[in-house]
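J.: Structure for this input, please:
(4 chains)
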Number of protein chains: 2
Amino acid sequence: MKNLTKRQEEILNLIKTHILDLGFPPTRADIAKTLGFKSPNAAEQHLRAIEKKGFIKILSGASRGIVLNDSESDQIPVIGLVAAGGPILAEENIEKTIPKSNNLLSSDIDYYLRVKGDSMVDIGIFEEDLIGVSKSASTKIGSVVVARINNEVTVKTLIEMSQNKVVLRPENQNYNDIIINPKVDELAIEGSCVALLRESI
Amino acid sequence: MKNLTKRQEEILNLIKTHILDLGFPPTRADIAKTLGFKSPNAAEQHLRAIEKKGFIKILSGASRGIVLNDSESDQIPVIGLVAAGGPILAEENIEKTIPKSNNLLSSDIDYYLRVKGDSMVDIGIFEEDLIGVSKSASTKIGSVVVARINNEVTVKTLIEMSQNKVVLRPENQNYNDIIINPKVDELAIEGSCVALLRESI
DNA sequence: CAATATACTGTATATAATTACAGTAAAACT
DNA sequence: AGTTTTACTGTAATTATATACAGTATATTG
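T.: Reported below is the predicted structural model:
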């Protein structure tokens, strides 16, 4: 998807704002009036350009027939099984996506991860639950993190983190702490768990 | 706000669906075509009636100028502490409301209830969690229900239900089953738990 | 039992809106 | 240097849309 020019972006924002304010897209004349064009055709041609670049779709013959193409930035992916090796957010891991506007929880969620196994049941994280993961939230000691150890993704509580020792604790008395030497094993903290969804009880 | 007739409700839903699908409201002709009216005026008059009852606003002169009035029905209330005596959904119990989400969780959630206590931790329901409650979902044996016993609201698993014996089980080994005789104690099953939200981990 | 609300058909018209065509001018590629 | 893209003005035709007016019929309410 090509980049929009400054003016085109301005028009796309105007459309979004109009929809947010009134609930329906503007007409060519509305756009022209707002931006001071003396001809509705100026708006028309901008719309065609924006459509060509893939950001909107113009429904011909319909008044206000401007459809916003769901940009991926407005969708939060739900990650099912993470294929070994690749990045978590790789296409093949995305089970579905949830529109951000429908998100009831923290706005800081980058993706949802479907929980496998019972290693976190003691703090109420069950198999099939969806965990809201934030990549930017600070990973403090004691927080629940998404970690990748030698290409395997896991959700655990972060207990200790120093240069040559990282301790990840399963919240289930049947499991033992995972102790990693980052100099020996490959370790990456992918994000912090900030919310939880259970779709059926 | 007066109640809509069946037909009017049908039209309001059509408008909402149209907006959800395409991003803008339908025209009178669209409505007429969808519902099989032979005159766009039929749609026009329905719209006027729906506006009169306060559910929409019609912007005169604007094509597709139908604005949905934020009806409370699009918001799901979050119930904090339930005051003894009154109905669960009483105004004073509503902690906040959250917009109804279509894709995220079951569309059948009437309200969220904030969990107090630790009686359900064994199945991953923790204090401060929000439970999505459906009033209409069938209350089967084995399902987690919201029950009111002598004016106190509680969340438990329904184990047995007969004319003179109802058994509610806390999912926590430190608690005992609650055995009620509905002929002695006042008991009402308010709904079933169909989803769960945890706003922070 | 009359008035009002509901639920439409049918026709007509003003206006709202899309959209095509003909230009101008500057900037950005190729 | 020539073509394409961007960014508009200006005009006009066609179509889309709202909306008024005139009816019909049944149901509901005061």
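J.: Helix or strand for A:Q8, just tell me which one.
T.: Per DSSP states H and E, A:Q8 falls inside helix A:6-22.
J.: in the helix or strand of chain A with the lowest mean pLDDT, what's buried?
T.: Among the helices and strands of chain A, strand A:94-99 carries the lowest confidence by mean pLDDT, DSSP states H and E, at a mean of 80. Buried residues in strand A:94-99, counted by 16 or more other Cβ atoms under 10 Å in any protein chain shown: A:T97, A:I98. Bear in mind the C-beta positions are built from the backbone N, C-alpha and C, glycine included.
J.: Convert it to PDB, retaining C-alpha atoms only.
T.: Extracted C-alpha coordinates of strand A:94-99, given in PDB (Å, rounded to 0.1, in the frame of the first residue of the first chain):
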ATOM      1  CA  ILE A  94      -3.100 -15.200  13.200                       C
ATOM      2  CA  GLU A  95      -6.300 -17.000  14.100                       C
ATOM      3  CA  LYS A  96      -8.500 -14.000  13.600                       C
ATOM      4  CA  THR A  97      -8.500 -10.300  14.200                       C
ATOM      5  CA  ILE A  98     -10.600  -8.100  16.500                       C
ATOM      6  CA  PRO A  99     -11.400  -4.500  15.600                       C
END
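J.: Can you list the strands that the helix or strand hosting A:V194 pairs with?
T.: For A:V194, the host element (DSSP H and E) is strand A:187-198. The strands that strand A:187-198 pairs with in its sheet are strand A:130-134 (antiparallel), strand A:144-149 (antiparallel), strand B:187-198 (antiparallel) (by DSSP bridges).
J.: which of those strands sits most buried?
T.: strand A:130-134 (a mean of 24; mean count of other Cβ atoms under 10 Å in any protein chain shown).
J.: Show me what the mean pLDDT comes to for that strand.
T.: Taken as a whole, strand A:130-134 has a mean pLDDT of 91.
J.: got the CA coordinates for that strand in CSV?
T.: As requested, C-alpha coordinates have been extracted for strand A:130-134 and formatted as CSV (Å, rounded to 0.1, in the frame of the first residue of the first chain):
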residue,chain,number,x,y,z
LEU,A,130,-7.0,-15.2,25.5
ILE,A,131,-4.2,-13.1,27.0
GLY,A,132,-3.9,-9.5,26.0
VAL,A,133,-0.2,-8.8,25.4
SER,A,134,1.5,-5.4,25.3
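J.: Return the distance of that strand from the chain's centre.
T.: Distance of strand A:130-134 from its chain centroid, counting by Cα atoms, centre = their mean, to the nearest Å, is 10 Å.
J.: cool, and stretch A:14-34?
T.: Between the centre of stretch A:14-34 and the centre of its chain there are 27 Å (Cα atoms, centre = their mean).
J.: Likewise for stretch A:30-45?
T.: The chain centroid and the centroid of stretch A:30-45 are separated by 34 Å, computed with Cα atoms, centre = their mean.
J.: Spell out which strands sit alongside the least confident helix or strand of chain A in the sheet and which way each one runs.
T.: In its sheet, and by DSSP bridges, strand A:94-99 pairs with strand A:75-79 (antiparallel).
J.: What's the first helix or strand after the least confident helix or strand of chain A?
T.: Elements were assigned by DSSP H and E; along the chain past strand A:94-99, the next helix or strand is strand A:111-114.
J.: Could you confirm whether that next one reaches chain B?
T.: No. In terms of Cβ under 8 Å from any Cβ of the partner chain, no part of strand A:111-114 sits within range of chain B; the closest distance is 9.5 Å.
J.: which residues are contacting that strand?
T.: Contact partners of strand A:111-114, identified using Cβ atoms under 8 Å, 6 or more residues apart in numbering or on different chains, comprise A:76-82, A:88-89, A:95, A:98, A:128-133, A:146, A:153, A:155, A:197.
J.: same question, stretch A:33-41
T.: Contacts with stretch A:33-41, where a contact means Cβ under 8 Å, 6+ apart, come from A:E10, A:I11, A:L14, A:P26, A:T27, A:R28, A:A29, A:I31, A:A32, A:A42, A:A43.
J.: just the residues you listed that are near DNA strand D?
T.: Among those, the ones lying near DNA strand D by Cβ under 7 Å from any atom of the strand are A:A32, A:A42.
J.: Dump the strands paired with strand A:187-198 into JSON lines; add distance to DNA strand D as well.
T.: Converted to JSON lines, those look like this (distance: least, Cβ to the nearest atom of the strand, whole Å):
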{"stretch": "strand A:130-134", "distance to DNA strand D": "35"}
{"stretch": "strand A:144-149", "distance to DNA strand D": "40"}
{"stretch": "strand B:187-198", "distance to DNA strand D": "30"}
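J.: What's the separation between the closest residue to A:R148 other than its chain neighbours and A:N150?
T.: Ranked by Cβ to Cβ, 6 or more residues apart in numbering or on different chains and with sequence neighbours excluded, the top spatial neighbour of A:R148 is A:A188, at 4.5 Å. From A:A188 over to A:N150 the distance is 10 Å, taken as Cβ to Cβ, to the nearest Å.
J.: again, but for A:L187
T.: From A:L187 to A:N150 the distance is 8 Å (Cβ to Cβ).
J.: Likewise for A:V144?
T.: 20 Å.
J.: follow-up on the earlier one: between the contacts of stretch A:33-41, which is closest to DNA strand C?
T.: A:T27 (3.1 Å; Cβ to the nearest atom of the strand).
J.: I'm done for today, thanks for sticking with me.
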